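*Asks:* sequence and predicted structure below; questions after.
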Amino acid sequence: MKVTSDWKKMKKEGEKITMVTAYDYPSAKQSEAAGMDTLLVGDSLGMTVLGYNSTVQVTMDDMVHHAKAVRRGAPDTYIVVDMPFGTYHANVDDGVGNAITLYQKTDANAIKLEGSECIDIIRRAVGAGVPVVGHLGLTPQSVGVTGFRMQASDEAAALQLIEDAKAVEAAGASMIVLEAIPSDLARKVTSVLEIPTIGIGAGVDVDGQVLVYHDVLQYGSERLPKFVRPFADFNTTGVEGLKSYAEAVKAGTFPDASTTYKRKVFEE
Ligand SMILES: Nc1nc(=O)c2c([nH]1)NC[C@@H]1CN(c3ccc(C(=O)N[C@@H](CCC(=O)O)C(=O)O)cc3)CN21
Ligand SMILES: CC(C)C(=O)C(=O)O
Ligand SMILES: [Mg+2]
């Protein structure tokens, strides 16, 4: 299993970092079997597995519940877990307390929080021994303010994002997720930081990539963000499998001898 200090080393050696979200025992098991460098228990689980229209409804209890299942499915993989909306903005003390609670209850390797408002929380959480991952650009917990669209598209916003990234690094973060930003900005941020950048909709000139499990496999998610390339089609194969099952039941061909207990309990 990777440890927090490996991320900077991989960046230095130019080895790309692979990350995918995982939300439960089977997605974690598959991702570990696929050899992912790291898993993200993303608050996107609110949308992909709970059916909400944003991540804003996701609670601390939801994150703990799912992250514990992911740890059971991927005991030997570095796991990052998202701090959910509303658990780190009221004040610094509660934010640090919630970071510690989430880390301790889930046995994750790091927590992730969105934006540059929370520099003090990052510094104190890292000081308390909790590895932290930052997240800049499109920060979905602010969907009501920004919408789900590309961020930092003018020069002033791009320069601000570079300053924010430096501040997140200086506060002690060990990686930064860059979501939905122009690729030349992502390249610039990547070149000025020592910690790796993990892109999602940030182009190829970053230190690693993350995608949502359900987008990679086309599992339930219908409208894919622009930056997704699907690598399998479980929407099709899954529905085909279920249809075949229903047809076999209707036709009386399932169950058959091989799926039926043979023991007789009544005299003929
Ligand atoms: N399944 C899934 N995949 C994700 O990558 C993801 C989630 N869910 N939920 C949380 C956020 C939301 N994300 C998104 C969603 C859409 C765009 C997107 O490509 N939007 C279009 C249109 C935006 C508009 O309305 O103008 C774009 O071209 O930017 C980007 C990120 C990324 N995250
Ligand atoms: C898309 C990634 C970066 C995320 O934060 C999530 O899945 O919640
Ligand atoms: Mg998230």
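*Replies:* Nice, I can see it. Ligands and ions are numbered 1, 2, ... in the order given.
*Asks:* from here on, contacts and neighbour counts on C-alpha atoms
*Replies:* Noted.
*Asks:* and the average pLDDT for the top helix by length along the chain is what?
*Replies:* Ordering each helix of the chain by length in residues (DSSP state H) puts helix 234-251 first. The pLDDT scores in helix 234-251 average 98.
*Asks:* also stretch 108-126?
*Replies:* Averaged over stretch 108-126, pLDDT sits at 97.
*Asks:* so what's the residue lying closest to Asn109 once chain neighbours are set aside up against?
*Replies:* Leaving out its chain neighbours, the residue that sits closest to Asn109 by Cα to Cα, 6 or more residues apart in numbering is Ile79, at 5.2 Å. Ile79 sits next to Thr38, Leu39, Leu40, Val41, Arg71, Ala108, Asn109, Ala110 when contact means Cα atoms under 8 Å, 6 or more residues apart in numbering.
*Asks:* where do the strands of the stretch 101-250 of the chain begin and end?
*Replies:* Along the stretch 101-250 of the chain, the segments classed as strands by DSSP state E, counting those that start in this stretch run 110-112, 132-137, 175-179, 197-200, 208-211.
*Asks:* circling back to that earlier point, is the longest helix of the chain anywhere near ligand 1?
*Replies:* No. Using Cα under 6 Å from any ligand atom, helix 234-251 stays clear of ligand 1, coming no nearer than 13.2 Å.
*Asks:* flag every buried residue along that helix.
*Replies:* Neighbour-count burial for helix 234-251 flags Phe234 (criterion: 16 or more other Cα atoms under 10 Å).
*Asks:* could you dump that helix to PDB, C-alpha only?
*Replies:* Extracted C-alpha coordinates of helix 234-251, given in PDB (Å, rounded to 0.1, in the frame of the first residue of the first chain):
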ATOM      1  CA  PHE A 234     -22.500  -1.700 -17.600                       C
ATOM      2  CA  ASN A 235     -25.700   0.200 -18.400                       C
ATOM      3  CA  THR A 236     -26.100  -2.100 -21.400                       C
ATOM      4  CA  THR A 237     -24.600  -5.300 -20.100                       C
ATOM      5  CA  GLY A 238     -26.300  -5.000 -16.700                       C
ATOM      6  CA  VAL A 239     -29.800  -4.400 -18.200                       C
ATOM      7  CA  GLU A 240     -29.200  -7.200 -20.700                       C
ATOM      8  CA  GLY A 241     -28.300  -9.600 -17.900                       C
ATOM      9  CA  LEU A 242     -31.400  -8.600 -15.900                       C
ATOM     10  CA  LYS A 243     -33.700  -9.000 -19.000                       C
ATOM     11  CA  SER A 244     -32.300 -12.500 -19.600                       C
ATOM     12  CA  TYR A 245     -33.000 -13.500 -16.000                       C
ATOM     13  CA  ALA A 246     -36.600 -12.200 -16.200                       C
ATOM     14  CA  GLU A 247     -37.100 -14.000 -19.500                       C
ATOM     15  CA  ALA A 248     -35.800 -17.300 -18.000                       C
ATOM     16  CA  VAL A 249     -38.100 -17.000 -15.100                       C
ATOM     17  CA  LYS A 250     -41.100 -16.300 -17.400                       C
ATOM     18  CA  ALA A 251     -40.200 -19.200 -19.600                       C
END
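*Asks:* what's it packed up against?
*Replies:* Contacting helix 234-251 under the criterion 3 or more Cα pairs under 8 Å, 6 or more residues apart in numbering; DSSP states H and E is no other helix or strand.
*Asks:* rebuild the strands of the stretch 101-250 of the chain as CSV, extending it with distance to Gly46 and mean neighbour count.
*Replies:* CSV is the format used below for the strands of the stretch 101-250 of the chain (distance: least, Cα to Cα, whole Å; neighbours: other Cα atoms under 10 Å):
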stretch, distance to Gly46, mean neighbour count
strand 110-112, 16, 25
strand 132-137, 18, 27
strand 175-179, 18, 27
strand 197-200, 18, 28
strand 208-211, 15, 22
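*Asks:* where do the helices sit along this structure?
*Replies:* Secondary structure of the chain, counting by DSSP H: helices at 6-13, 25-33, 45-48, 60-73, 92-106, 119-127, 143-146, 155-170, 183-192, 213-216, 234-251.
*Asks:* ligand 1 versus Lys262, what's the distance?
*Replies:* 45 Å (Cα to the nearest ligand atom, to the nearest Å).
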